[in-house]
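*Asks:* got a sequence here, can you build the structure:
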Amino acid sequence: MATEDGGTPGKEQPQEAWARWAEAHQRLLERATEAQRVLLEATVRFIVGASAPAMLIRLVAFFLLHADMGLTPVQVGAAVGRTDRAMRTVQALSAYDMLDALWAELRRHRQPKLHPEHAGPIAKYLVDHPSATQAEVVAFIARALTIHVDVQTLARFFKAYGLGVLVDERRAGETEGKRPFASAPPITEAPSSCSPSRCS
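*Replies:* As a prediction, the model looks like this:
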């Protein structure tokens, strides 16, 4: 639910955050040049408005400290909500070191390759290919969705979205190349419980 000014209840607005920050850091602002004040205000507003995650905050700090605008680690640390000691560490990094650190963190927090919107096409493939093996499903995903996954990733996805109900009863007992990951009893051909008028 949005408020009249377009914000969400309980979330501080960027202009409010800047007013509070400026009041708390008056001495720091008095010593800053006009250009530095503009950058500091833009930083505070951005971090609050974007709800910036830690990785993005470090990147913003890196740019500010290397923008040749004379901003100090104390100023940047205050703007991004980090200590000046942490900012001195960021300032000492080269661009390559910073990128390496960001890539390392991204690898630690990798997002899943398969998303909810992929469940439909995979389910359709399983219905259209009732005898498909795990390897064939992986190959379909690579071909049709251009996403490369391993069998363990596919197993987790099947479990999360209940796709195991599409297991072919004739192949459910096989071990080598079995139909992927039964997580529930297979679909039977029992009559539907809804009336034809509602189902059509």
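*Asks:* what domains does the record give for this structure?
*Replies:* As given by automatic domain parsing, the domain ranges for the chain are 14-108, 116-186.
*Asks:* just give me the lowest mean pLDDT stretch among the ones you listed.
*Replies:* Of all these, the minimum mean pLDDT falls on domain 116-186 (a mean of 74).
*Asks:* thinking again about what came up before, may I see the domains of the chain organised as JSON lines, with mean neighbour count added?
*Replies:* Where C-beta positions appear, they are placed from N, C-alpha and C, glycine not excepted. Formatted as JSON lines, the domains of the chain follow (neighbours: other C-beta atoms under 10 Å):
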{"stretch": "domain 14-108", "mean neighbour count": "16"}
{"stretch": "domain 116-186", "mean neighbour count": "15"}
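*Asks:* list the helices and strands the helix or strand hosting residue 40 packs on?
*Replies:* Using DSSP states H and E, residue 40 falls within helix 34-49. Contact partners of helix 34-49 among helices and strands, from 3 or more C-beta pairs under 8 Å, 6 or more residues apart in numbering; DSSP states H and E: helix 14-24, helix 54-65, helix 73-80.
*Asks:* just put these in a markdown table and tack on distance to residue 137.
*Replies:* Below are the helices and strands packed on helix 34-49 laid out as a markdown table (distance: least, C-beta to C-beta, whole Å):
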| stretch | distance to residue 137 |
| --- | --- |
| helix 14-24 | 47 |
| helix 54-65 | 34 |
| helix 73-80 | 45 |
